[in-house]
Structures are given as structure tokens and as C-alpha cells.
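Undergrad: model the following, please.
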Amino acid sequence: MNVSAKVFVVGLVSSVTFAVGAAPAAADVPLEDFSSPAAAVQPVTTVAQQLDTTEDALAGASIESVLQVEEEIATVPHGYDVEAAIELAKSEIGTSRPTGWNAPGECIMSAQRWVKAGNGAWNGSGDPVANYTGATRVSLADAEAGDIIQYEYTASPTSWVTGVHTVLITEVNDDGTFTIIQSNSPGGSGLVTEEQDWTPAPPEGFTAAVWRF
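TA: The predicted structure follows:
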């Protein structure tokens, strides 16, 4: 039996539409297990930083201009008393605090406490990107004592997911490794610890972002 071209096309479109509609949705990202339901859902936001160094922004720029931007970022000074922040962080090594949403034992809340002890303007809040409103993102090669390393979930940097972690750099070692102080490691302990000869080792799918206040 002959089938008109129109009928054939309509049938083909219908089959394709069905196939697309039947495709399973992407699996939800696992959320960090905080004690409060407030942590279950975080708003997705984008934050404008001081210098736009995204690939799109630098596309077509000359090598000289790109290097100039990178040099400007690397030389941005800290806007707070780094020594005071490190002094407080060191004084807390071996102590522990409660954990849970916004609790003082959480890694990012502890890092905020230390930076604010040096009158750092850590005024951001919310997600792992919005927290750094007003800070400058620098490369790992330019990281200095007083900088914060934040593990971000690459596919959704604004999401609180298992694997997100925050540490304070207290020293850059001669071999390129860092000495860092962190809280809530292991997770749920609220314990403040120091690690020497440390290098970022984010879980698969995560990025180590370096922020300077």
C-alpha cells in the first residue's frame, strides 16, 4: 500500500517526539546531609566578580592582555589582617564545635570566623559562590597565606553537595604545597585540624577555587 510523503513525515515526527519525551530525566545531585531542612534547597545564583576572567570574556584577546589580567589578579592584596586570622585558627586546632546548617563547626563557618577575626569583609552568604561576593578569585599558582580554597561542584558551583569543603591557607611551603587549617574534618566531627604538605585533592567532578578577601 502506498503511503503519502505527508503521512510518513507526520509519523516520523511523532516517533521522534515520543522517544525524546520518554528519555529519563537527569538524576538529582546528592545534597550535603546537614541537620536542618534549610540546607536541602539552595537558590541558584550567579555572582559578578571584580575581574571577569572567563573564557568567553578573554576570547579573542591578545596574549599580552590576558597575561596582564592574570598579573593584576595575582597582585591583588588581602583586605584584612591575615596574621590575626591565622592566629585564631591555630588557637582552635584540636577543638570541636557543633555541626549542621550554619553551625560554628562547619568548615565554611569556621573559615568565616577566622577571616572576620582579622576584620575581613566576608559578608557573602548562601551558596558556595555567593559566599565570596567581594572576594577576588586567583589561580592556585598565585595562592598565598590568608587565601581560602573552596571545593566547588563543577557542574553546579552554587550547589551544596557532598564533597564541598573549605580550608584556610596558613603557609605556602617551599615545595609548592600548603599548610592549611580546616574544620569539620572528618565530616560531622566539627574538629579543627591542621595539615602540612597539603595539596588540593578535590573529589571527581569538583574544582578547587582559590578566593582572596
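Undergrad: can we go C-alpha only for contacts and neighbour counts from here?
TA: OK.
Undergrad: CA atoms only for stretch 116-128, dumped as PDB, please.
TA: Backbone C-alpha positions of stretch 116-128 (Å, rounded to 0.1, in the frame of the first residue of the first chain) are rendered in PDB as follows:
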ATOM      1  CA  LYS A 116      36.400  38.100  60.300                       C
ATOM      2  CA  ALA A 117      38.800  37.900  63.300                       C
ATOM      3  CA  GLY A 118      41.200  39.900  61.000                       C
ATOM      4  CA  ASN A 119      38.300  42.300  60.100                       C
ATOM      5  CA  GLY A 120      37.900  40.600  56.800                       C
ATOM      6  CA  ALA A 121      34.800  41.700  54.800                       C
ATOM      7  CA  TRP A 122      33.400  38.200  54.400                       C
ATOM      8  CA  ASN A 123      29.800  39.400  54.000                       C
ATOM      9  CA  GLY A 124      28.500  36.900  51.400                       C
ATOM     10  CA  SER A 125      26.200  34.100  52.300                       C
ATOM     11  CA  GLY A 126      24.100  31.400  50.700                       C
ATOM     12  CA  ASP A 127      25.800  29.100  48.300                       C
ATOM     13  CA  PRO A 128      29.500  28.200  47.700                       C
END
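Undergrad: how about the strands in this protein?
TA: Ranges of strands in the chain, per DSSP state E, are 136-138, 148-153, 165-172, 178-183, 192-198, 206-212.
Undergrad: give the other helices and strands that the third one contacts.
TA: Going back to what we said before, that points to strand 165-172. Packing contacts for strand 165-172, counted by 3 or more Cα pairs under 8 Å, 6 or more residues apart in numbering; DSSP states H and E, involve helix 107-117, strand 148-153, strand 178-183.
Undergrad: what average pLDDT does that strand get?
TA: The average pLDDT within strand 165-172 is 98.
Undergrad: residues in contact with it?
TA: 86, 107-108, 111, 143-152, 178-183 (Cα atoms under 8 Å, 6 or more residues apart in numbering).
Undergrad: how about the helices of the protein, start to end?
TA: 5-22, 55-58, 63-74, 82-91, 107-117 (DSSP state H).
Undergrad: could you export the strands of the chain as CSV, including distance to Glu72?
TA: CSV is the format used below for the strands of the chain (distance: least, Cα to Cα, whole Å):
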stretch, distance to Glu72
strand 136-138, 10
strand 148-153, 19
strand 165-172, 20
strand 178-183, 23
strand 192-198, 26
strand 206-212, 13
